[in-house]
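Trainee: quick check, what structure comes out for this input:
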Amino acid sequence: MSGGVIDEQPAAEDKPQRRLRRSLIVVILIALLPATVYAKLTRNISHIEVTREDLGDDRPAKASTDALNILVVGSDQRDDRYAGERADIIMLVHLSPTRNEAAVISFPRDSLVQLPACRSGERRPGQQRRIGMINSSFSFGGIGCTWKTMEALTGIHIDHFVTVDFTGFKGMVDAIGGVDLCIPEPIRDDYVQLDLPAGWQTLQGEQALGYVRTRHSIGDRSDIGRIQRQQDFVVAMAKKTLSGWTLFNAVRMLGFLNTATMSITTDPALTLGVMLDLGLITRRLSSDQVRFVITPWRYSTSYPGRIEWLQGPAKKLFQSIAADKPLPGTKLRDTQSTVPPPSETDAKHYADHAGPATTLTVPFPPEQPLPTTRPCHQ
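Mentor: Numbering: from 1, shown residues only. Okay, the predicted model is just below:
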C-alpha cells in the first residue's frame, strides 16, 4: 500500500482528540474566509460541462452506494492550451460511501487499449474507434473523450473529473515551500532537465515536475516505474499540504489555494466547497485506509515498449471498484498484492516482465528536511 495519506501518527490515547481539534480548526478557518476571497477562488476554477452527447447512452451503472469515483488527469499543457496537449497522468480515485477508505488506480500512459469513438470538440478532431494509446483520448477528444474511454474500459461509473496542468502543478509545489521526498538513487535526466543526488531532497516546482515525468535515467526506465514515483510524490505532497506547517498558516494556505484553483479544471458539480470538504475528509485518512494500485499489466509481445492489461485480474479489480466492494482477494487496508499472478496458460503468452497490480510502501519524510547524506530509510 502506498504510504497513504497524510497525517502524523499521534499517541493512541490522544489521537481522536487531536483529529477532532484539528478538524474543528480547519472548519473554522474555512468559515472565516472572507466572502471576497472565497468568491475569487471560486472564479479561478475553470469548468467544462461533460454532456450526455460526450459520454453516450451506454454508460456503466452507478453503484447503489454513495461512493464517489473521480477521474484525475495531469496534462502537459503549457502556454497553448490545445497544441499537442497529452494526458501524462491518468488516475481514478475511489472514495467509499462513508469516506473512511480510498483507492487510487493508476493507468499506464503506454497502455494499448480499445478506444471508443468520441465526437469532436474543444478545437479537437474527435476520436475514431480503434486500438491506440490510452492517453491519446485526451489529445483527440479532450476530457469528455477521456471520461468516456475510462468508463468504457473499466465499467466504472465516473462522477467527477479534475485536470491539472504542468504549470499549475509547479506553482502548487512552490506555494507550499517544496515537497520532501526520498530519492533512492541519483537522477540525471537531460530530457526533463533534472539532476538530483540520492537521499532526502526538498523538491521545488521545476524539480518536482521533472521527477514525476522522468523515466529514462532511474529504475527500470519504464512507465510503471514512473507511475510508482508519481504515487510516491502524490502522497508526500498531500502530507505537506495538509500538515500543520501549511494548513494553519494563512499566507501559505491561501497562496496554495489560489495557485491550485487557477491550475485545475473540473466539471461544474465539483465546486470549491465540495473539494474543500473532500480535502478535510482525506486528511482524516491514515496510511492503512488508502490503497494505491497500478492496473494489472504486462509488456506487449507485439508492440515493444507498450503495455497491455492482464484482462482477468484487471476485470476483477474494476468490478470491485464499480460495485464498491473490497479489492479482490484482500480487504482494502491489506498491504498484499490486489490481484493473483497470471495463470500458467496466460504466462505462456506473456513477456518475461509481466506485472500484477502493484501496491507501494512510501517512506514519509520528516517534518524538516534531512541532510541529503542521511540514508532515506533511517
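Trainee: where along the stretch 251-378 of the chain do the helices fall?
Mentor: With DSSP state H, counting those that start in this stretch as the criterion, the stretch 251-378 of the chain has helices at 272-283, 311-322, 344-347.
Trainee: where does the prediction get shaky in the stretch 51-200 of the chain?
Mentor: Applying pLDDT under 70 to the stretch 51-200 of the chain picks out residues 77-85, 121-122.
Trainee: would you map the helices across it?
Mentor: Counting by DSSP H, counting those that start in this stretch, the segments of the stretch 51-200 of the chain that form helices are 52-55, 136-154, 166-175.
Trainee: export the second one as PDB, just CAs?
Mentor: Below are the C-alpha coordinates for helix 136-154, written out as PDB (Å, rounded to 0.1, in the frame of the first residue of the first chain):
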ATOM      1  CA  SER A 136      -4.500   9.700 -26.900                       C
ATOM      2  CA  SER A 137      -8.100  10.200 -26.000                       C
ATOM      3  CA  PHE A 138      -7.200  13.500 -24.300                       C
ATOM      4  CA  SER A 139      -5.300  14.700 -27.400                       C
ATOM      5  CA  PHE A 140      -8.100  13.900 -29.800                       C
ATOM      6  CA  GLY A 141     -11.300  14.400 -27.800                       C
ATOM      7  CA  GLY A 142     -10.500  16.300 -24.600                       C
ATOM      8  CA  ILE A 143     -11.600  15.400 -21.100                       C
ATOM      9  CA  GLY A 144     -15.100  14.300 -22.300                       C
ATOM     10  CA  CYS A 145     -13.500  11.700 -24.500                       C
ATOM     11  CA  THR A 146     -11.100  10.600 -21.800                       C
ATOM     12  CA  TRP A 147     -14.000  10.200 -19.400                       C
ATOM     13  CA  LYS A 148     -15.900   8.100 -22.000                       C
ATOM     14  CA  THR A 149     -12.800   6.000 -22.700                       C
ATOM     15  CA  MET A 150     -12.200   5.300 -19.000                       C
ATOM     16  CA  GLU A 151     -15.800   4.200 -18.400                       C
ATOM     17  CA  ALA A 152     -15.800   2.000 -21.500                       C
ATOM     18  CA  LEU A 153     -12.500   0.300 -20.500                       C
ATOM     19  CA  THR A 154     -13.300  -0.200 -16.800                       C
END
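Trainee: not counting sequence-adjacent ones, nearest residue to Gly56?
Mentor: Nearest in space to Gly56, with sequence neighbours left out and distances taken as Cβ to Cβ, 6 or more residues apart in numbering, is Lys148 at 6.4 Å. To be clear about C-beta, it is placed using only N, CA and C from the backbone, and glycine gets the same treatment.
Trainee: mind listing what that neighbour touches?
Mentor: Contact criterion Cβ atoms under 8 Å, 6 or more residues apart in numbering gives 54-56, 116, 118, 137, 141 as the residues in contact with Lys148.
Trainee: could you measure from it over to Gly132?
Mentor: Here Lys148 is placed at a distance of 14 Å from Gly132 (Cβ to Cβ, to the nearest Å).
Trainee: what's the answer for Cys118, then?
Mentor: Between Cys118 and Gly132 the distance is 12 Å, computed by Cβ to Cβ.
Trainee: in terms of neighbours, single out the busier of the two.
Mentor: Counting neighbours by other Cβ atoms under 10 Å for Cys118 and for Gly132 shows that Cys118 has the greater number, 26 against 17.
Trainee: in the sheet, who's paired with the more buried one?
Mentor: When bridges are assigned using DSSP bridges, the partners listed for Cys118 are Gln127.
Trainee: that one against Ser139, yeah?
Mentor: No - between Cys118 and Ser139 there is no contact, the gap being 11.1 Å when judged by Cβ atoms under 8 Å.
Trainee: out of the contacts of Lys148, which is most surrounded?
Mentor: Note: the member of these with the most neighbours is Ser137, at 28 neighbours, neighbours being other Cβ under 10 Å.
Trainee: list the contacts of it.
Mentor: Under the criterion of Cβ under 8 Å, 6+ apart, the neighbours of Ser137 are 87, 115, 118, 127, 145-146, 148-149.
Trainee: before we move on, back to that, what's the closest of the helices of the stretch 51-200 of the chain to Leu181?
Mentor: The closest of the helices of the stretch 51-200 of the chain to Leu181 is helix 166-175. By Cβ to Cβ, the value is 10.7 Å.
Trainee: tabulate the CA atom coordinates of the closest one in PDB.
Mentor: Extracted C-alpha coordinates of helix 166-175, given in PDB (Å, rounded to 0.1, in the frame of the first residue of the first chain):
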ATOM      1  CA  PHE A 166       2.000  21.200 -15.600                       C
ATOM      2  CA  THR A 167       2.500  24.900 -15.000                       C
ATOM      3  CA  GLY A 168      -0.100  24.800 -12.200                       C
ATOM      4  CA  PHE A 169       1.500  21.700 -10.700                       C
ATOM      5  CA  LYS A 170       4.800  23.500 -10.400                       C
ATOM      6  CA  GLY A 171       3.100  26.500  -8.800                       C
ATOM      7  CA  MET A 172       1.300  24.400  -6.200                       C
ATOM      8  CA  VAL A 173       4.600  22.800  -5.200                       C
ATOM      9  CA  ASP A 174       6.300  26.100  -4.800                       C
ATOM     10  CA  ALA A 175       3.400  27.600  -2.800                       C
END
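Trainee: what about that helix, distance to the chain center?
Mentor: Centroid displacement of helix 166-175 relative to its chain, using Cα atoms, centre = their mean, to the nearest Å, is 15 Å.
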